[in-house]
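Asks: got a predicted structure plus its sequence, pasted below:
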Amino acid sequence: MKLLVIIITLLFAATLITLYATENPGYVLIARAPWSIEMSLTLFIPLMIAAFFLLYLFLFLVIRLWRIPRDVGRWRVRRQAREARGALIKGLTSLAESNWVEAETHLLAGMRHGDTPLLNYLGAAIACEGQDNIEKRDEYLALAHKNAAQYDLAIGMTQAHLQHQAHQLEQSLATLNELRSIAPKHRQVLKLLAQVYLELRDWTGLIDLIPDLRQHYAMTTQEIEALELQAHRELLKLSLPSGSPGVLEKAWNAVPKSLRRHPALVAIYARQLIQQNESARAESVLRAAIEDGWDPALVELYGRAAGANSAEQLETAEGWLPAHGEEPKLLLTLARLALHHHQEAKARAYYEKCLALRAPAEAYRELGELLERSGDKEQALAYYRRGLEMYASELRAAPARGQGPVNPRLRAAR
């Protein structure tokens, strides 16, 4: 409808112009001696329009012919860039599909004319890692550094991840320490650094890293606490081979005050003291920890730490009976302390009460030894047998308790 209106309007306007031109044709004279051109205005105007159009067409063709080399060059560049982008997309797709050889081929094909050399080189490095080609991987990473030095952090993180994936832990550690100097607050750098320290069992380095992990929220609070606990546990365990109590005390003093009450650390520290013939010190530490917070494992260990005054130690442990009289490990500790204080009758009574409350297998063995020394070999043999049966039962039940998937972080934190 609109088109029809426009056509009618144009025809009407053309009719009016024609009628006007017929009645008033006008006059144009162009004179330059000795020539002169004379014509009507109605003829002159169409001729001028046609001349202008022909001139424009001529100039347009000349300019287009002049620009042909430049336009061809631009077209070639656009085609190469389009092909490079297509190769990059194919390479990244193959990379996501774990088709390492195809990924490397496509990424290299698009590298010459592409405008993203960083992505091409990093993708090729990842593809080489998938093929276990360490030399070419490092070559591509070096080229990425050379062609896109402004992206050192991205290149370094990729390099550290690939080195970690290839179990090159020392190299990954060196890369991460360099990145940490560039970006000390980068969460992923700190998190991967903690993982590498953990796998290298570099507990001192991990402990030094804990404040940064906590300050920059690189991991959850629970994960950081688990790492800190494990690191101090392992350092306490490593203190024994030196044979020097001073090394153990240094490791214990390095433990934060907030963790010195943790039962697991107290147990390790006390056990190390006992093995280094520092039982009196171990008894003092255990007593303070148990009074601060009840823990059956510490109570059981308290019976192995021979204090300076065995009678006072037994009296201290018996003071826990009113609140924890049904705790098997407390009764086992009382039996051991009574036996250490040469009160065999009391020790036997505690052992028997302990056995009535599902005591550990070692309680049967210790009671059997007590009865054997007392001359009751038949009864001792019966307790030995029952202890072996319980121990065998625990061994059979252990695999069933260990079945099921285990979170690697939880396993590492144990």
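Replies: Right, received. Where do you want to start? Numbers count the residues shown, from 1 in each chain.
Asks: C-alpha from now on. contacts and neighbour counts both.
Replies: OK.
Asks: got a list of what the residue nearest to Leu357 when sequence neighbours are not counted touches?
Replies: Using C-alpha to C-alpha, 6 or more residues apart in numbering and skipping residues adjacent in sequence, the residue nearest Leu357 is Pro328, 5.9 Å away. Counting by C-alpha atoms under 8 Å, 6 or more residues apart in numbering, Pro328 makes contact with 354-355, 357-359.
Asks: buried subset of these as a PyMOL selection?
Replies: In PyMOL, this line selects whichever of the contacts of Pro328 come out buried by 16 or more other C-alpha atoms under 10 Å:
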select buried, resi 354+355+359
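Asks: list the contacts of stretch 295-302.
Replies: Counting by C-alpha under 8 Å, 6+ apart, 263, 266-267, 270-271, 283, 286-287, 289-290, 327, 329-330, 332-333 sit against stretch 295-302.
Asks: and that stretch, what's buried?
Replies: So, applying 16+ other C-alpha under 10 Å, buried residues of stretch 295-302: 295-296, 298-302.
Asks: which of those lies closest to Pro46?
Replies: Taking C-alpha to C-alpha as the measure, Pro46 lies nearest Asp295 of the buried residues of stretch 295-302, at 110.0 Å.
Asks: distance of that closest one relative to Gly114?
Replies: 65 Å (C-alpha to C-alpha, to the nearest Å).
Asks: what's the answer for Cys354, then?
Replies: With C-alpha to C-alpha as the criterion, Cys354 and Gly114 are 78 Å apart.
Asks: which pLDDT value goes with the residue nearest to Leu357?
Replies: Looking at Pro328, its pLDDT is 91.
Asks: could you do the one 4 residues further on as well?
Replies: Model confidence at Leu332, expressed as pLDDT, equals 92.
Asks: can you check the one 3 residues further on too?
Replies: At Ala335, the model reports a pLDDT of 92.
Asks: Ser239 now?
Replies: So, for Ser239, pLDDT stands at 65.
Asks: closest to Ile224 among the contacts of Pro328?
Replies: Ala359 (35.6 Å).
Asks: just checking, the closest one touches Glu327?
Replies: No - contact criterion C-alpha atoms under 8 Å: Ala359 and Glu327 do not qualify, at 9.2 Å.
Asks: count of neighbours near Phe60?
Replies: 12 (other C-alpha atoms under 10 Å).
Asks: wait, which of the contacts of stretch 295-302 is closest to Arg385?
Replies: So of the contacts of stretch 295-302, ranked by how close each gets to Arg385 (C-alpha to C-alpha), first place is Leu332, at 18.7 Å.
Asks: which stretches of the stretch 201-350 of the chain form helices?
Replies: Along the stretch 201-350 of the chain, counting by DSSP state H, counting those that start in this stretch, helices occupy 203-215, 221-238, 245-253, 263-275, 279-292, 296-302, 310-318, 321-324, 328-340, 344-355.
Asks: and Ala311, how many neighbours?
Replies: Ala311: 14 surrounding residues under other C-alpha under 10 Å.
Asks: pLDDT score for it?
Replies: The model reports Ala311 with a pLDDT of 88.
Asks: how much space separates the nearest residue to it once chain neighbours are set aside from His167?
Replies: The spatial neighbour of Ala311 that comes closest, neighbours along the chain excluded (C-alpha to C-alpha, 6+ apart), is His341 at 6.5 Å. As judged by C-alpha to C-alpha, His341 and His167 stand 55 Å apart.
Asks: A strand includes Lys185, no?
Replies: No - per DSSP: H, G, I helix; E, B strand; the rest coil, Lys185 lies outside any strand segment and is coil.
Asks: does it touch Arg214 like I think?
Replies: No - using C-alpha under 8 Å as the test, Lys185 is too far from Arg214 to be in contact (11.0 Å).
Asks: can you lay out the contacts of Pro328 as JSON lines showing distance to Glu372 and pLDDT?
Replies: Formatted as JSON lines, these follow (distance: C-alpha to C-alpha, whole Å; pLDDT from 0 to 100):
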{"residue": "Cys354", "distance to Glu372": "19", "pLDDT": "91"}
{"residue": "Leu355", "distance to Glu372": "17", "pLDDT": "90"}
{"residue": "Leu357", "distance to Glu372": "22", "pLDDT": "85"}
{"residue": "Arg358", "distance to Glu372": "22", "pLDDT": "79"}
{"residue": "Ala359", "distance to Glu372": "20", "pLDDT": "79"}
